[in-house]
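**Student:** what follows is a predicted structure for the sequence shown.
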Amino acid sequence: MRRLTRYFLEGLLFLVPVVATVYIIYVVFVRLDGLFQFEIPGVGILVTILAITLIGFIASNFVTRTVLSWVDQLMRKLPLVKLIYTSLKDLIEAFVGDKRRFNRPVAVTLAPGSSMQVLGFVTAESLDALGMKECVAVYLPQSYNFAGNLIVVPREQVRPVAADSGDVMAFIVSGGVSFRKDEKETPKEL
């Protein structure tokens, strides 16, 4: 009976991530394909990829950059829209583009003299505008979740981690069970 239970659990460990991944990709594919209602499967997702690429090309054009800048400024001034727009834009820029924020993994000592630490990412090195000159902002992602906490700690309680930021994010989000032991990056000093 133990052997059957073990086989069942190993089957779950193999199937759940595979089936969940395939299902999520399938749902995204079907929804994008359904938006355009083409007769040929896959054309909708191809049109979506081409449209996003075309918009990216237009956005990088010098002439349209002025118009996009005006739209950006307008979105940042409208009361309720500002909150939603800036939050989403900052979140997307944190992961992709030139303004990536989650690229400085650190270990934070929770209490001076304690050996307990948490892993996170430095998102702001200067908090002068908040009157906290000796502090840095560190984002702490939560395990098995797409949320996290922002903490402000004294600079001396933050130590760079010699690891790839993507690996550290996977390690944190997986609750510490997913980590590649590849080459380590040399950490940047704060």
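**Tutor:** Structure's in. What do you need?
**Student:** mind checking how far the helix of greatest length in the chain is from the chain centre?
**Tutor:** Ranked by number of residues, the top helix in the chain under DSSP state H is helix 2-36. With CA atoms, centre = their mean, to the nearest Å as the basis, helix 2-36 stands 22 Å off its chain's centre.
**Student:** buried sites along it?
**Tutor:** The neighbour-count check on helix 2-36 (16 or more other CB atoms under 10 Å) flags 32, 33 as buried. Glycine gets a C-beta too; all of them are placed from N, C-alpha and C.
**Student:** who does it touch, helix- and strand-wise?
**Tutor:** Packing partners of helix 2-36 (3 or more CB pairs under 8 Å, 6 or more residues apart in numbering; DSSP states H and E): helix 43-60.
**Student:** next SSE after the helix it packs on?
**Tutor:** Going down the chain from helix 43-60, the next helix or strand is helix 62-77, by DSSP states H and E.
**Student:** quick one: list the elements packing against that next one.
**Tutor:** Partner elements for helix 62-77 (3+ CB pairs under 8 Å, 6+ apart): helix 43-60, helix 79-95.
**Student:** want to throw those into TSV with distance to residue 26 and mean neighbour count?
**Tutor:** Output for the helices and strands packed on helix 62-77, formatted as TSV (distance: least, CB to CB, whole Å; neighbours: other CB atoms under 10 Å):
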stretch	distance to residue 26	mean neighbour count
helix 43-60	11	12
helix 79-95	24	12
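**Student:** these: which one's closest to residue 156?
**Tutor:** helix 79-95 (25.2 Å; CB to CB).
**Student:** report the angle between the closest one and helix 62-77.
**Tutor:** Angle of helix 79-95 versus helix 62-77, following axes from the mean of the first three to the mean of the last three CA atoms, to 10 degrees, is 120 degrees.
**Student:** elements contacting the following helix or strand past helix 79-95?
**Tutor:** Beyond helix 79-95 on the C-terminal side, the first helix or strand identified by DSSP H and E is strand 105-109. Under the contact definition 3+ CB pairs under 8 Å, 6+ apart, strand 105-109 sits against strand 117-124, strand 135-141, strand 158-160, helix 165-173.
**Student:** still on that earlier bit, quick one: which of the helices and strands packed on helix 62-77 has the weakest pLDDT on average?
**Tutor:** Of all the helices and strands packed on helix 62-77, the minimum mean pLDDT falls on helix 79-95 (a mean of 75).
**Student:** relative to strand 135-141, how tilted is that helix?
**Tutor:** 80 degrees.
**Student:** brilliant, that's me finished.
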